[in-house]
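# how does the following fold in three dimensions:
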Amino acid sequence: MSTYQTLRIPTQYGTAVDLRSMVPEDAAALRALLSHPELKKHIVMRGEGSQDAPAGKLMHRMLHAFDPCALHAGIYRAGTSELIGTVCLQCWNRRKGSAILGYMMDPAWWGRGYATEAVQLMLKYGSEEMGITEVEGRCKGDNAGSEKVMIKNGMKLTRIIPVEGTLNDVIKVFKVVTQMK
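Predicted coordinates for the structure are as follows:
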């Protein structure tokens with residue numbers, strides 16, 4: 001695999017969800033996810049100006065596999081074209097075999113195991129096809145659902161980072177180390 005090759009994931013079939021590359025027809029559903037108030041507070045995007053500018057850039061990267069250091073996949077209910085979330089491996093370091101996990105799920109589908117299965121499929125693909133052996137995931141301290149998803153996928157809490165400028169807000173950092181086949 002070339003160092004600068006952009007990535008598209010072949011469809012990964014699960015029991016309840018399928019993962020696959022998103023297409024331009026998913027733009028409206030993706031825009032709704034990125035702007036959903038329950039999700040927006042958990043999305044960390046770097047960039048100047050309004051939250052909308054980085055969100056637009058992120059949406060473009062997700063739909064067009066624009067980032068050679070990230071693999072974004074849509075989470076679809078199994079056998080449908082209904083986009084209900086996204087999962088990604090970003091900041092992929094090919095030399096170290098490491099990446100950072102990110103995911104979001106439409107709140108209408110929370111609590112049904114879909115995010116857990118989607119993360120499992122992405123971690124398996126990352127390990128078997130991308131050579132990733134170390135994955136880190138993060139969530140805000142009060143995001144119990146996200147924490148459960150990572151723990152169910154074998155990730156262990158490795159550290160807690162205080163959020164600058166707040167008294168009680170923290171970021172929990174989880175990690176899993178896998179062996180390549």
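
# show me where this structure has its helices.
Applying DSSP state H to the chain gives helices spanning 27-35, 37-40, 52-64, 114-130, 144-152.

# buried stuff in the fourth one?
Of the residues in helix 114-130, those buried by neighbour count under the rule 16 or more other C-beta atoms under 10 Å are 114-123, 125-127, 130. In short, each C-beta sits where N, CA and C put it, glycine included.

# tell me what the closest residue to G137 other than its chain neighbours is bridged to.
Excluding the flanking residues, the one nearest G137 by C-beta to C-beta, 6 or more residues apart in numbering is L101, at 4.0 Å. Under the criterion DSSP bridges, L101 forms beta bridges with L89, G137.

# give me the pLDDT value at L101.
At L101 the predicted local confidence, pLDDT, stands at 98.

# contacting residues around H42?
M104, C139, K140, N143, S146 (C-beta atoms under 8 Å, 6 or more residues apart in numbering).

# what of A16?
R77, A78, R112, G113, Y114, E117.

# 6 Å - rerun?
Counting by C-beta atoms under 6 Å, 6 or more residues apart in numbering, A16 touches A78, Y114, E117.

# make CSV out of the residues you listed and add distance to A70 and pLDDT.
Converted to CSV, these look like this (distance: C-beta to C-beta, whole Å; pLDDT from 0 to 100):
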residue, distance to A70, pLDDT
A78, 24, 97
Y114, 21, 98
E117, 21, 98
